[in-house]
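Asker: Okay, here's the prediction I keep looking at, along with the sequence it came from:
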Amino acid sequence: MLKRYFLIIGILTGMLFISSCSGTTPYSKDSMVDRKWGISHGTVNYNQMLNPDAAKNPDPVLGLYGPAAAYNMEKYQDSFKETGSQEIVNILKLQ
């Protein structure tokens with residue numbers, strides 16, 4: 001009886017091992033990696049063709065406009081002042 005259980009467990013383990021090593025399903029021909037493969041390299045090549053003298057420009061790439069960035073950061077930080085403490089009070093009242 002014990003041999004039968006070990007045999008069944010061994011067969012199930014072998015089937016699980018073989019199925020896990022089988023690769024992709026036949027329904028999906030290519031994965032997301034295969035579909036996106038080489039797009040980054042192609043984009044870099046295309047941008048170099050658009051502006052081949054870009055390496056000669058020593059100016060750094062600029063980010064956000066200063067006053068707009070400062071306003072957005074101030075607005076973001078102000079969003080935590082009132083609602084954060086009020087939300088905690090409301091949660092404590094519910095309990």
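Answerer: Okay, I see it. Residues are numbered from 1 along each chain as shown.
Asker: what about the helices in the chain?
Answerer: For the chain, the helices defined by DSSP state H cover 2-20, 32-36, 39-50, 66-94.
Asker: between the ones you listed, which one is nearest to residue 58?
Answerer: When the helices of the chain are compared by CB to CB, helix 39-50 sits nearest residue 58, at 17.5 Å. For glycine as for every other residue, the C-beta is placed from the backbone atoms N, C-alpha and C.
Asker: could I have that closest one exported to CSV, CA atoms only?
Answerer: Output in CSV follows, covering the C-alpha atoms of helix 39-50 (Å, rounded to 0.1, in the frame of the first residue of the first chain):
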residue,chain,number,x,y,z
ILE,A,39,12.7,49.5,-29.7
SER,A,40,15.0,51.4,-27.4
HIS,A,41,18.0,50.9,-29.6
GLY,A,42,16.0,51.9,-32.7
THR,A,43,14.8,55.1,-30.9
VAL,A,44,18.4,56.1,-30.1
ASN,A,45,19.5,55.5,-33.7
TYR,A,46,16.6,57.5,-35.0
ASN,A,47,17.3,60.5,-32.6
GLN,A,48,21.0,60.4,-33.7
MET,A,49,19.9,60.6,-37.3
LEU,A,50,17.6,63.6,-36.5
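Asker: Tell me which other helices or strands it touches.
Answerer: Applying 3 or more CB pairs under 8 Å, 6 or more residues apart in numbering; DSSP states H and E, we find helix 39-50 packed against no helix or strand.
Asker: Turn the helices of the chain into CSV, including mean neighbour count and distance to residue 58.
Answerer: Below are those laid out as CSV (neighbours: other CB atoms under 10 Å; distance: least, CB to CB, whole Å):
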stretch, mean neighbour count, distance to residue 58
helix 2-20, 9, 54
helix 32-36, 9, 33
helix 39-50, 10, 18
helix 66-94, 10, 21
